[in-house]
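# Got a sequence here, can you model it:
(one chain, ligands or ions: 2)
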Amino acid sequence: MNILVNLRGMARHAPSGRAILSNVDLVIRSDEKLALLGPNGAGKTTLLRMLAGLVPPSAGRAGLGSLDLFSKLDRKKAPTLAGLVFAHTDDQLLQSTVLEEVALGPLNLGKSPLQAKELSLRLLEQFHLSGHAMQSPFELSSGEKKRLALASILAMEPKLLLLDEPTHYLDQRGKRSLVETLKGWNGALIVATHEPAFARSICQRVAVMDEGQIAFDGCWEDLEKDPNFLEIHGVEPVGNLPVFSGDLDPNHGIGNNLTHSEIGGMMGPMPKAKWGG
Ligand SMILES: Nc1ncnc2c1ncn2[C@@H]1O[C@H](COP(=O)(O)OP(=O)(O)OP(=O)(O)O)[C@@H](O)[C@H]1O
Ligand SMILES: [Mg+2]
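Numbering: from 1, shown residues only. Ligands and ions are numbered 1, 2, ... in the order given. The predicted model follows:
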C-alpha cells in the first residue's frame, strides 16, 4: 500500500514562536487507521488541521500524497485528499439546507449537479438524515450536526479521513453506528479522541501525543503494557472501559423520511462552488 502521510521531524510553531508540535515522525499508509490519544492541549487538533492544509508546518518534512504541505499551493489542494470533520461542527456547516451542505463538496470537486445530488441523497440516507434534507443545518441537534458534518466530508471521497473527537454529542446508538461506518471505511483514517475504547474498536494502530510530540506509536497491546506510561500521559487504560460493538439500528434517527424523488423535487438551485477542483 502507498504511503499517504509522511511527516518527518515536523514542527509547528504558534505566531508567538512557541512550539505546538515538535519533531513529529508519522507515516501512514493509504489503508491504515490510527487512533490519536493524548491529554488536553497535546496538539491533536493542530496535527489534524495541519494535515487538512488549514495551518502550515514550520519545520521538518510534511508530505500528504504527492503534496508538500509547506507549499501554500499544495495546502489549497489538501482538501482533495484529506477531509477533516471538526470537533465543533458549527464551525464547519455553511449552507442553507442539509442537502446543499452535503452537495457542496462534490460540486466543488467538479461533479455535475445531478451526480452531486444523487451522492448526497445516498449519504443522507446512510446517516439517517433524509428527513432533514430541506432543513437548515443549524436547526439540527448536536448529534445530527455531527452526522451531517461527517456525511459532507465523505461526499468528497477523501483518501484520508481526519476525525476530531467524532463521538462528541453522539448518543450510544450514534456511536455504534459510527463504529460500523468507520469499520467499513477503506481509506486512511486518523481519529483524535478522548474515548480509547471507541478508537480501539476501529483502529489497530494507536499513537499518544503529549506536549506536541508523539510519545507512543504502536499497537494497543504494547501501549497497555505500561500503566505508568498511560498515567503520565493522561490516557485511560482501555481494559477499564466498556467496549463498543457494532449494533447498527436501521431505524436510528429516522423521522418523517422523504423519498429521493420528493427531496429532488423540493431542491432548488445547487450551491455555487467555493473552490476549484
Ligand atoms: N494559533 C495558536 N496560537 C497559540 N497557541 C495555539 C494555537 N493553536 C493551538 N495552540 C495551542 O497548542 C496547544 C495544542 O492545542 P490543540 O488544540 O492541538 O490540542 P488538543 O490535543 O487537540 O487538545 P484537546 O484534547 O483539548 O482538544 C494548546 O496549548 C493550544 O493552546
Ligand atoms: Mg483537540
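
# Pull the contacting residues for residue 123.
102, 151, 154, 155 (CB atoms under 8 Å, 6 or more residues apart in numbering). C-beta coordinates here come from the backbone N, C-alpha and C atoms, glycine included.

# Among these, which pair sits farthest apart?
Farthest-apart pair in the contacts of residue 123 is 102 and 154; separation 8.7 Å (CB to CB).

# between these two, who's got more neighbours?
Between residue 102 and residue 154, residue 102 has the larger neighbour count (other CB atoms under 10 Å), namely 30 against 21.

# what about the spatially closest residue to that one that is not a sequence neighbour, neighbour count?
Excluding the flanking residues, the one nearest residue 102 by CB to CB, 6 or more residues apart in numbering is residue 120, at 3.9 Å. Neighbours of residue 120 under the rule other CB under 10 Å: 29.

# Can you list the buried residues in the helix or strand harbouring residue 120?
In this assignment (DSSP states H and E), residue 120 forms part of helix 113-126. Neighbour counts over helix 113-126 (16 or more other CB atoms under 10 Å) mark 116, 117, 118, 119, 120, 121, 123, 124, 125 as buried.

# okay but the fifth one is in contact with residue 107, surely?
By that I understand residue 120. No - here residue 120 does not reach residue 107: they are 9.5 Å apart, not a contact under CB atoms under 8 Å.

# what separates the residue nearest to residue 102 from residue 143, distance-wise?
20 Å (CB to CB, to the nearest Å).

# Leaving out the residues flanking it, which one is nearest to residue 10?
residue 60 (3.9 Å).

# go on, residue 196?
Going by CB to CB, 6+ apart, residue 196 has residue 238 as its nearest residue, at 4.7 Å.
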